[in-house]
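> Sequence and predicted structure are below.
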Amino acid sequence: MAIERRDLITAAAVALASPALVRGAGAQGALPGAAPAGQQAPGFFRFKIGDFTVTMVHDGAAPRPNPLQGFILNAEPAQVEAALREGALPTANLPNPFTVTFIDTGRGVVAFDAGTGGGQMAPGTGLLPRNLQAAGIDPAAVTLVAVSHFHGDHITGLTTRENAPFFPNAEVAVPATEWAFWSDESNAGRVPEGQRPTFANTKRRFGPYQAKMRQYRDGEEVAPGIRALAAYGHTPGHSVFHVTSGNDQLFVMADTSSRPDLFLRNPHWQSVFDVDGAMATETRKRLFGRIADERARFTAYHFNFPSNGYVTRMGDGFRFHPAEWTNLT
Ligand SMILES: [Zn+2]
């Protein structure tokens, strides 16, 4: 039976008027940066790198209430505001998105970092378990978690609220330099105050994986076709990955740059989350310079979903191009 257009219009009007149907927006309504009302399509995105299958799985976003103050340490608020406006981004409640890269190599499934832990960190985060299910990836099928660094948004998802392993059959590979730093609480005086909880969280999240952990060094292969690259600065051992299959390549860049409109356009900007901002800048310029020159595809953790693409050089920085339908030839 055909549905009358008039009925559809009426239904839409009822939906708009009914508080019960918009409750998902939260009592305060749609804040800029808050999740849109209602259920979305599952947030996963797939592409191939050679024989490997890459799946980007979205884990939600947490708003930064005031990105103009105290976030970027060596830029004036007016400069930050101008960069946000140029990127058509909100200047208050700026969403910080989280997206985890998964790669099925045919010999195993590798997760690059672990997400925020099913909403353990902040409202608006924790979509990973549901989106993994939609993507057909069973956490029990993950064979390796390759960890870039130990900030909470990257390792909290290793375990549930009860601290049971979320990836029960996975090995965990961590940068040796990162492990040495965060497993030694005498380093607490060397990090910004907001990062002190990372010492306790390191102990807690890796605890259940103790028997299945290994440490990797710069240049080491963590799995066939997946090589670690030192990208120090954001944290003392922050590392990224160079993935190759056949003639194809991909860089998994973690937090070498968070939002491209800020830190790729202005690679010298230092974030309050960088343990060594000057070193983070050097790393960002060096690695994204290589990626631009090689016209290589990359994924990142804090870019807008689906969090992968290319860069070209622009002035002193870089311009980001989301991957699909990009032509760099
Ligand atoms: Zn991060």
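Structure received.

> If you count neighbours, what's buried in stretch 223-236?
223, 225-236 (16 or more other CB atoms under 10 Å). Where C-beta positions appear, they are placed from N, C-alpha and C, glycine not excepted.

> swap in stretch 66-83?
Neighbour count says stretch 66-83 has 67-68, 71-72, 75, 80, 83 buried, by 16+ other CB under 10 Å.

> go on, stretch 285-303?
Of the residues in stretch 285-303, those buried (16+ other CB under 10 Å) are 287-288, 291-292, 296-303.

> how near is residue 303 to residue 213?
28 Å (CB to CB, to the nearest Å).

> about what we covered before: in strands only, show me the buried residues of stretch 223-236.
Secondary structure assignment by DSSP state E places 223, 226-230 of the buried residues of stretch 223-236 in strands.

> Just read off the phi/psi values of residue 197.
phi -60, psi -10 (degrees, to the nearest 10).

> which residues sit in contact with it?
residue 152 (CB atoms under 8 Å, 6 or more residues apart in numbering).

> Closest to residue 198 out of the buried residues of stretch 285-303?
residue 301 (15.9 Å; CB to CB).

> Just want the angle from the lengthiest strand in the chain to strand 226-230.
Assignment by DSSP E gives strand 52-64 as the longest strand of the chain. Put simply, strand 52-64 runs at 40 degrees to strand 226-230, going by axes from the mean of the first three to the mean of the last three CA atoms, to 10 degrees.

> Next, please give the residue ranges for the helices of this structure.
5-17, 77-86, 128-135, 152-155, 176-182, 197-206, 260-263, 277-294 (DSSP state H).

> these two touch, right, residue 61 and residue 93?
No. Judged on CB atoms under 8 Å, residue 61 makes no contact with residue 93 at a distance of 10.2 Å.

> Between these two, which is the more surrounded one?
residue 61 (23 against 15; other CB atoms under 10 Å).

> List the contacts of the residue most central in space within the chain.
Geometric centre of the chain, nearest residue: residue 301, 1.9 Å, by CA atoms, centre = their mean. Residue 301 sits next to 98-100, 113, 148, 153-154, 253-255, 258, 307 when contact means CB under 8 Å, 6+ apart.
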